[in-house]
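Student: Got a predicted structure here, sequence first:
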Amino acid sequence: MSETTINRRDFGKAGGLALAAAALPALGEAADDKPRILKSIKFGMFNEKISIAEKFKLLKEIGYDGVELNSPGGVNKKEALTASRETGLPIHGVVDSIHWGTRLSSPDAKTRREGLNGLRTAIRDAHLVGGSAVLLVPGAVRNAENENHQQVWDRSIEQIHWTLPLAAKLGIHVLIENVWNGFLYDPKGDNNQTATLLAKYLDEIDSPWVGSYFDIGNHQRFGKPAEWIRTLGKRILKLDVKDWGKSNGFCKIGDGDVDWPDVRRALAEIGFTGWSTAEVGGGNRDRMKDVHDRMDKHLLGKA
């Protein structure tokens with residue numbers, strides 16, 4: 001089936017299952033037939049001063065299923081890949097590390113080209129380490145004259161389309177994260193906003209290689225995460241996991257206002273199976289254990 005003929009519903013089913021299937025053989029099949037959510041961290045969160053190999057070993061012992069790296073830059077990819085292979089702890093993808101400062105939506109053509117090159121580097125690095133996707137913030141609405149909502153929409157889609165031949169060739173998804181960038185929501189609006197614009201944006205890109213990297217806590221301030229999950233449905237291929245509260249801002253998972261039981265229900269309703277990655281304050285191995293246990297309790301509903 002070609003990229004131009006696959007419809008988005010089939011893409012969502014195929015993409016979610018493919019990402020999960022790519023991970024499960026290395027980890028062992030789930031003990032039952034229920035959809036499985038895999039736990040990961042952004043590797044930079046583990047800031048204890050030990051070797052990459054030691055970090056991989058400890059994270060596996062704690063109970064994580066994988067990690068996610070940064071690119072361009074970040075830890076040495078070949079060293080990380082060696083550690084991954086030795087421990088059996090997968091690297092499931094990378095985060096585009098320059099997407100905020102070198103934006104695909106920039107009014108400057110040179111900056112957009114640099115951002116495009118950075119995204120291509122991230123795609124290649126994701127493939128190198130055996131990952132399945134690159135997390136991307138596609139742009140930011142900075143001012144009404146040079147970087148307004150429509151300009152960010154048009155410029156970012158144009159640049160993303162330029163990456164799709166490489167993404168398809170290497171089998172790497174480009175997944176859009178919902179963040180506080182003033183795009184696809186109203187930063188001055190109320191707390192009952194929906195994911196309609198984000199869904200429309202993804203549908204306009206219209207590629208099986210582009211989907212949602214849904215951050216559960218990022219838009220708690222502006223809407224209800226569970227309802228965003230229901231709206232986005234099969235467009236969601238990966239999850240970032242954090243919490244946010246009106247009284248305490250971004251906080252430890254479970255300490256904010258996210259309705260985790262409803263999030264779990266929504267994920268079950270859309271049949272989500274695949275990677276979830278904590279994106280919270282880091283620390284040593286004790287902190288990594290605490291993050292893991294909070295993901296188990298609040299995201300997975302384990303006692």
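Tutor: That came through fine.

Student: Tell me where the stretch 201-303 of the chain has strands.
Tutor: Applying DSSP state E, counting those that start in this stretch to the stretch 201-303 of the chain gives strands spanning 210-215, 236-241, 243-245, 249-251, 274-278.

Student: Would you mind giving those strands as JSON lines with mean pLDDT, mean neighbour count and distance to T87 added?
Tutor: (Each C-beta comes from the backbone N, C-alpha and C, glycine too.) Listed next are the strands of the stretch 201-303 of the chain as JSON lines, based on pLDDT from 0 to 100; neighbours: other C-beta atoms under 10 Å; distance: least, C-beta to C-beta, whole Å:
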{"stretch": "strand 210-215", "mean pLDDT": "98", "mean neighbour count": "26", "distance to T87": "25"}
{"stretch": "strand 236-241", "mean pLDDT": "98", "mean neighbour count": "26", "distance to T87": "21"}
{"stretch": "strand 243-245", "mean pLDDT": "98", "mean neighbour count": "20", "distance to T87": "29"}
{"stretch": "strand 249-251", "mean pLDDT": "97", "mean neighbour count": "15", "distance to T87": "30"}
{"stretch": "strand 274-278", "mean pLDDT": "98", "mean neighbour count": "24", "distance to T87": "17"}
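
Student: Select, out of those, the one closest to G44.
Tutor: Closest to G44 of the strands of the stretch 201-303 of the chain is strand 274-278 (C-beta to C-beta; 11.6 Å).

Student: list the helices and strands that closest one packs on?
Tutor: Under the contact criterion of 3 or more C-beta pairs under 8 Å, 6 or more residues apart in numbering; DSSP states H and E, strand 274-278 touches helix 8-27, strand 37-42, strand 66-71, strand 91-96, strand 236-241.

Student: what bridges to the residue nearest the centre of the chain?
Tutor: Geometric centre of the chain, nearest residue: Y213, 3.7 Å, by C-alpha atoms, centre = their mean. On the basis of DSSP bridges, Y213 is bridged to E177, K238.

Student: Quick check: it touching I176?
Tutor: Yes. At 6.3 Å, Y213 counts as touching I176 under the criterion of C-beta atoms under 8 Å.

Student: shared neighbours of those two, anything?
Tutor: Contact criterion C-beta atoms under 8 Å, 6 or more residues apart in numbering; residues shared by Y213 and I176: L136.

Student: Tell me how many other residues surround G223.
Tutor: Close neighbours of G223, defined as other C-beta atoms under 10 Å, add up to 19.

Student: Enumerate every residue touching it.
Tutor: Counted by C-beta under 8 Å, 6+ apart, G223 has contacts 185, 191-195.

Student: Out of the strands of the stretch 201-303 of the chain, which gets nearest to L69?
Tutor: Among the strands of the stretch 201-303 of the chain, strand 274-278 sits nearest to L69 (C-beta to C-beta), with 10.9 Å.

Student: can you state the direction angle for that closest one and strand 66-71?
Tutor: 70 degrees (axes from the mean of the first three to the mean of the last three C-alpha atoms, to 10 degrees).

Student: Other residues contacting strand 274-278?
Tutor: Outside strand 274-278, the residues that reach it (C-beta under 8 Å, 6+ apart) are 16, 19-20, 23, 37-42, 45, 65-66, 68, 92-93, 132, 237-242, 253, 291, 295, 299.

Student: Pairing partners for it, with directions?
Tutor: strand 37-42 (parallel), strand 236-241 (parallel).

Student: Adding distance to V75, write those out as JSON lines.
Tutor: Shown next, in JSON lines, are these (distance: least, C-beta to C-beta, whole Å):
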{"stretch": "strand 37-42", "distance to V75": "11"}
{"stretch": "strand 236-241", "distance to V75": "19"}
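
Student: Out of the ones you listed, which is closest to N76?
Tutor: Closest among those, once you apply C-beta to C-beta, is strand 37-42, at 16.5 Å.
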